[in-house]
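Trainee: Just need the structure, nothing else, for what follows:
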Amino acid sequence: MKKLSLIALVLFCASYQGFSQKKNPKTPTPAPAMVPPSGNPNAMNRPGGPATAPKPYNQVITAKAKTDKGLFKVHFLEDRYFFEIADSLLGREILTVNRISKAAAGNRASMIGYGGDQIGDNVISFEKGPSNKIYLKSISFGERAKDTTEQGMYKSVMNSNIQPLVASFDIKAFAKDSISGVKGVVIDVTDYMNSDNDIFFFDAGTKKSLSLAGQIPDRSYIKEIKAFPMNIEIRTLKTYTKSAPQGPMGMGAPSSTPATYELNSSMVLLPSREMKPRFFDPRVGYFATGYVDFDANTQGVKNQSLITRWKLEPKAEDIEKYKRGELVEPKKQIVYYIDPATPKKWVPYLIQGVNDWQVAFEKAGFKNAIVAKEAPSDPSWSMEDARHSVIVYKPSDIANASGPHVHDPRTGEIIETHINWYHNIMQLLRNWYFIQASAIDPQARKMKFDDKLMGELIRFVSSHEVGHTLGLRHNFGSSATVPVEKLRDKQWVEKNGHTPSIMDYARFNYVAQPEDNISAKGIFPRIGDYDMWAIEWGYRWLPEFNTAEDEASYSNQTIIKRVGADKRLAFGTESDSNDPRNQSEDIGDNAMVASAYGIKNLKRILPNILTWSKEPNESYQNAKTLYSEVVGQYGRYMGHVVKNVAGIYTTPKTIEEKGGMYQAVPFAKQKEAMTFLNAQLFATPTWLINKELIERTGVNPTDLFQGVQKNTLGKLQNANTIAKLINAEALNGVNAYSAVNLFSDLKAGVWSELYSHKNIDVYRRNLQKAYVDNMTKLIVAPAPSSNPMANFPGFGTANPMGSDVSSIGRAHLTTLAKDIRAAIPASTGMSKYHLQDLLVRINSALNPKS
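Mentor: Next comes the predicted model:
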């Protein structure tokens, strides 16, 4: 399963770097001992034990059996469930998708544990073995070799790898359909489906997250197994004991109250004719499934990744039209159903959010390729059925939405999706729009938005999540292709949008000023130029190429040509911590200029919070929430700016493209960032201190921006940041913004009172204490971390003692101590006590033995 949350800043949105997230096949927990039902002592399956001889068909499947025909025949007889599997389906690959139908009351773990949540997926097959046994095999596609010639690696890979057999079943009878003549085998699956296994139920990770321990057999049972033409649906009720929850204070006590779930497992037959895959390319943002290819490199192996996408092909009668460039309908539409539980007034907006993608698929040559519909009223229709893609409405207080999808690991073909739409996301949307747009849109100046405005907000989030289910990742770099001043140009921004991609985390146009008179068309995200290009690249049908390998050169040249000609088509990964172009929640090509405009709008909003948040008979909680949201938005602006310091632009390229892939952010832009931070952050932002708001809401003014200041300082006075500056200087010499430049600029902004001899107020005192604490950490080795990943390069905090970081830190502290010592005689009161305290701290750090 791939899952991207709209809200999470590390994503899902995680997690998604173009490599497989397919879990290793798991061996299920052994089934508990089961007592045979009275009067049927021979019905028990005994996995791994000696097989009983098959009986005549009519002695096993008697006239009393209720039979459901589909992928397999499913027989129900005397509280037992039998699968009748045609011989032609033995060895066929089947995808299992496991979901919660009804959740255990109150048993949640963040966003996990709600009805509709996916809790596991696997690929399996039923294989005939010796001694009248059928084995259940769990299949991994992590290592592949397709070349079956003498020079190929197929035989070697097959001989070196064996897929695990996770269960065995006695063949109860052999079958032969009297009409079709189809032969098959009959197995009893009752005990296995009643057992605690992660092939059909919770995977180990989800189970651990929900603190579920062992299954309670006498409170667990099969509710129903139904057969459909291409799938089997298994509905069970499972009751688990609760394990002790893991928390920051250690192990807690296990709960004595069990957790009961209704679960749905779908068994979906994977296509025998595999879709032609398309190789992943880091210049276009798709999720991917990966494997080790033993054929691609004759002197080693190669890690390959295939993009995940739906299978779209023209109908046979339309192939020539498609080749001529005419729009045609696909052989099979991508259809999303709306959960019947969704409030009716929001349904049209969710549908429109799906249908908005039609224009993108037209770029790939298909019309009406994607459509949303209300769920049918047919009682046999089920949301959990893996043949159906659904936008699931969840009555949850979680303020979020997410767009997962399930794909065929062999090719990346998306099979289905269940978009999670949590009820409380509307509160989040309201807060976002209020903070970013109320200065320019009067509709946003109240706590309860009109249905039309909220509907349009729902529509844009719907489109974003649908994009994920089409295979698209976040494009955090998209908005960085737009010049900031164009965001204030009414004609331009209403025509082009404030970001080229709805897959960006560029919520609303916070740069626009009231005097610009920009309408909603220039404020809201929409399907943009990048989105249409990404769909065209990923979904264009290319029959002239037989394999993904054949497409590679064409794909590379197409990307070079298209992206080279239009920078709005560029992709910026959400997983790059160094590139300031690739950030969430930002817009425009210059964070300093954009953030300055954003702050001007926050200064307009803050004095109006009490008026705009007023509701009859309510407390000041609304005002408190919005006050905090203003500070949060201000903090985002600082985060956008600080990432420019020691930043590294990363632009993926192939050898056919000119220029390097890596470039340090230019000196002038890093200097501009530090000038901004000194003026807008380190100089106390007194505009955030609103006495009336503080008195009404009880917010502590010291907490308003001190957290933002300390967080930003921590990013600047960080061993990793300083190490990057040292490396940049070694590579670029005097053209680089150096660590010495950084500390010189920081000192000028944070310590100006040392030279002006002005009083140091409480906000600056706290800032300076944080500064000294951060500096002392640069001259000592970090304490051992309990996180094992902290010992690997690229994880955790660099050891300053192993480089020039500690040398620079010690020199800076020595100079700072000298300047503090010189300033103390001219200081009085708290300013003097403060400086004396800091001098002791610095001396203790520089001379710990003394």
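Trainee: And the closest residue to Phe667 other than its chain neighbours, how close does it get to Gly91?
Mentor: Of all residues not flanking Phe667 in the chain, Tyr737 sits nearest, at 4.6 Å (C-beta to C-beta, 6 or more residues apart in numbering). In this view, the C-beta of every residue, glycine as well, is placed from N, C-alpha and C. Per C-beta to C-beta, to the nearest Å, Tyr737 is found 62 Å from Gly91.
Trainee: Likewise for Lys128?
Mentor: 8 Å.
Trainee: do Val482 as well
Mentor: 53 Å.
Trainee: So if I had to pick from these two, which one is more boxed in?
Mentor: More neighbours surround Val482 than the other of Val482 and Gly91, with 25 against 11 (other C-beta atoms under 10 Å).
Trainee: For that one, give me its contacts.
Mentor: Asn496, His498, Thr499, Pro500, Arg568, Ile587, Gly588, Asp589 (C-beta atoms under 8 Å, 6 or more residues apart in numbering).
Trainee: run the last query once more with 10 Å
Mentor: The neighbours of Val482, taking C-beta atoms under 10 Å, 6 or more residues apart in numbering as the test, are 492-493, 496-500, 506, 509, 511, 567-568, 587-589, 594.
Trainee: Likewise for Lys777?
Mentor: Lys777 neighbours (C-beta under 10 Å, 6+ apart): Gly714, Gln717, Asn718, Ala719, Thr797, Pro800, Gly809, Ala845.
Trainee: Angles on the backbone of it, please.
Mentor: phi -70, psi -20 (degrees, to the nearest 10).
Trainee: residue ranges for the strands of the stretch 251-400 of the chain, please.
Mentor: 259-269, 288-293, 302-307, 334-338, 370-374, 389-394 (DSSP state E, counting those that start in this stretch).
Trainee: Return the list of helices and strands in contact with the fifth one.
Mentor: The contact analysis (3 or more C-beta pairs under 10 Å, 6 or more residues apart in numbering; DSSP states H and E) places strand 370-374 against strand 334-338, helix 347-355, helix 358-363, helix 451-469.
Trainee: now these in TSV, with distance to Ala552?
Mentor: Putting those into TSV (distance: least, C-beta to C-beta, whole Å) gives the following:
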stretch	distance to Ala552
strand 334-338	26
helix 347-355	32
helix 358-363	21
helix 451-469	25
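Trainee: What mean pLDDT does stretch 728-746 get?
Mentor: The average pLDDT within stretch 728-746 is 96.
Trainee: From start to finish, how long is that stretch in a straight line?
Mentor: For stretch 728-746, the first-to-last residue distance is 19 Å (C-alpha to C-alpha, to the nearest Å).
Trainee: Can you give me the buried ones in it?
Mentor: Ala728, Glu729, Ala736, Tyr737, Ser738, Ala739, Asn741, Leu742, Phe743, Asp745, Leu746 (16 or more other C-beta atoms under 10 Å).
Trainee: same check, this time on stretch 355-366
Mentor: Asn355, Asp356, Trp357, Ala360, Phe361, Glu362, Lys363, Ala364, Gly365, Phe366.
Trainee: repeat for stretch 337-353
Mentor: For stretch 337-353, a neighbour-count test (16+ other C-beta under 10 Å) marks Tyr337, Ile338, Asp339, Thr342, Trp346, Val347, Tyr349, Leu350, Ile351, Gln352, Gly353 as buried.
Trainee: Report the distance from it to the chain centre.
Mentor: 23 Å (C-alpha atoms, centre = their mean, to the nearest Å).
Trainee: hang on, isn't Lys747 packed against Asp819?
Mentor: Yes - with contact defined as C-beta atoms under 10 Å, Lys747 reaches Asp819; the gap is 8.3 Å.
Trainee: Need the residues touching each of those two.
Mentor: In contact with both Lys747 and Asp819: Leu754, Tyr755, using C-beta under 10 Å, 6+ apart.
Trainee: so where's the stretch 301-450 of the chain uncertain?
Mentor: Low-confidence segments of the stretch 301-450 of the chain (pLDDT under 70): 301-302, 384, 396.
Trainee: the helices in it, which residues?
Mentor: 319-323, 347-355, 358-363, 425-437 (DSSP state H, counting those that start in this stretch).
Trainee: can you redo those as TSV with distance to Ala63?
Mentor: TSV is the format used below for the helices of the stretch 301-450 of the chain (distance: least, C-beta to C-beta, whole Å):
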stretch	distance to Ala63
helix 319-323	50
helix 347-355	47
helix 358-363	52
helix 425-437	53
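Trainee: so which of the ones you listed gets nearest Asp87?
Mentor: helix 319-323 (34.6 Å; C-beta to C-beta).
Trainee: Buried residues, that closest one. List them.
Mentor: Result for helix 319-323 [16+ other C-beta under 10 Å]: buried residues Tyr322.
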